[in-house]
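Student: quick one, structure for this:
(one chain, ligands or ions: 1)
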Amino acid sequence: MADNKIERKRVLSRKAKSEDAKSITENGISARRTTISNASASSKSQLSHMYGSLTETDQTYKLVILGDSGVGKTCLLLKFRDNTFLSGNFISTVGIDYRNKVIDIDGTKVKLQIWDTAGQERFRSVTHAYYRDAHALLLLYDVTNKSSFDNIRAWLGEIKEYAQDDVVIMLLGNKTDCKSSERVIRREDGERLAKEYKVTFMETSAKTGVNVDLAFTAIARELLSKNSDDMNKSSFKVQDYIREQTQKSTCNPCAT
Ligand SMILES: Nc1nc2c(ncn2[C@@H]2O[C@H](COP(=O)(O)OP(=O)(O)OP(=O)(O)O)[C@@H](O)[C@H]2O)c(=O)[nH]1
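Tutor: Next up is the predicted model:
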């Protein structure tokens, strides 16, 4: 699987050089090809086509993963979707790609359609088109890379410009498995920035899987609560939920 992905990225990378205008989706669930220029216009009809197969009780949400190149967006998605980790040669995503995953939240089937964007600057205009109908954005930085953290403010500026006002945003400091000598961004720095922008915050490792499922589950719960008439659900506090779940997993010796 990992080899396939690396090979796919290689192929895409070559395509980018020769065509520089192709966005690719080839994820084993739905294989299709979309040119960058018509991606925005076609995305809505494609989404409604995909949503069409759902029953009325299902909920579908569109999530977009953002952040500088190399922070681990693809790895985070693959860890969540397939429980695999891409180590070794790093091949940048070209354009945009997506995967679906259905999770069960208290008996409700929630379909997450997760878009993995290219972090490279040259694809920015393509990826902007996908912010607009996103329900939630996962914004990543790498705790071992200061500039990826410094650029978060610029990413938040872009989000403000292109996404819906009520989009759910989660800031994630990834690569927490790295040695403490490699870490340059402290947890408190991430927390402070998140507080300043009033967004949810977590630290993750796409390599070990720490907090990966929790990040997506917390987002799904937040989205469900936003769209619920149920008083209990709509009073859901995502940061409290994350704190409780994190404490549970660290306090319970049987949880590992
Ligand atoms: N140690 C460690 N390495 C990671 C982690 N997540 C990703 N990596 C590594 O970081 C590199 C980049 O990961 P990607 O997921 O491809 O990065 P990306 O953000 O998708 O990059 P673009 O596609 O260019 O936007 C790869 O070499 C991964 O193996 C992590 O949690 N821990």
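Student: got phi/psi on Phe201?
Tutor: phi -130, psi 140 (degrees, to the nearest 10).
Student: hmm, it is touching Ile169, no?
Tutor: No - between Phe201 and Ile169 there is no contact under Cβ atoms under 8 Å: 9.9 Å. Yep, even glycine has a C-beta here, placed from its N, CA and C like the rest.
Student: so whichever residue of the stretch 101-250 of the chain sits closest to the ligand: helix, strand or coil?
Tutor: Nearest residue of the stretch 101-250 of the chain to the ligand (Cβ to the nearest ligand atom) works out as Gly119 at 2.9 Å. Per DSSP: H, G, I helix; E, B strand; the rest coil, the secondary structure class of Gly119 is coil.
Student: for it, which residues are in contact?
Tutor: Applying Cβ atoms under 8 Å, 6 or more residues apart in numbering to Gly119 gives the contacts Leu66, Gly67, Asp68, Ser69, Gly70, Val71, Lys73, Ser92, Thr93.
Student: restricting to those, which residues neighbour the ligand?
Tutor: Gly67, Ser69, Gly70, Val71, Lys73, Ser92, Thr93 (Cβ under 6 Å from any ligand atom).
Student: what is the burial count for the closest residue to the first one other than its chain neighbours?
Tutor: When the adjacent residues along the chain are set aside, Gly67 lies closest to Leu140, with 3.5 Å between them (Cβ to Cβ, 6 or more residues apart in numbering). For Leu140, the count of nearby residues is 27 (other Cβ atoms under 10 Å).
Student: pairing partners for the helix or strand where Leu140 lies, with directions?
Tutor: Here Leu140 is covered by strand 136-142, with elements defined by DSSP states H and E. Strand 136-142 sits in its sheet next to strand 59-67 (parallel), strand 168-174 (parallel), going by DSSP bridges.
Student: out of those, the one nearest Leu224 is which?
Tutor: Comparing the strands paired with strand 136-142 against Leu224 with Cβ to Cβ, the closest turns out to be strand 59-67 (6.3 Å).
Student: chain center to that closest one, what's the gap?
Tutor: 6 Å (Cα atoms, centre = their mean, to the nearest Å).
Student: near the ligand, which residues of the stretch 151-256 of the chain are found?
Tutor: Residues of the stretch 151-256 of the chain lying near the ligand by Cβ under 6 Å from any ligand atom: Asn174, Lys175, Asp177, Cys178, Ser205, Ala206, Lys207.
Student: so what's the third one up against?
Tutor: When you say that, I think you mean Asp177. Ser205, Lys207, Thr208, Val210.
Student: again, 7 Å this time
Tutor: Neighbouring residues of Asp177 by Cβ atoms under 7 Å, 6 or more residues apart in numbering: Ser205, Lys207, Thr208.
Student: so where do the strands sit in the stretch 151-256 of the chain?
Tutor: For the stretch 151-256 of the chain, strands defined by DSSP state E, counting those that start in this stretch occupy the ranges 168-174, 200-203.
Student: quick check: nearest residue in space to the residue of the stretch 101-250 of the chain closest to the ligand, chain neighbours excluded?
Tutor: That would be Ser69: by Cβ to Cβ, 6+ apart, it lies 3.4 Å from Gly119.
Student: next: Ile103.
Tutor: Val110 (5.4 Å).
Student: could you check the angle strand 59-67 makes with the helix or strand the one you found falls within?
Tutor: Using DSSP H and E, Val110 sits within strand 108-117. Angle between the axes of strand 108-117 and strand 59-67 is 30 degrees (criterion: axes from the mean of the first three to the mean of the last three Cα atoms, to 10 degrees).
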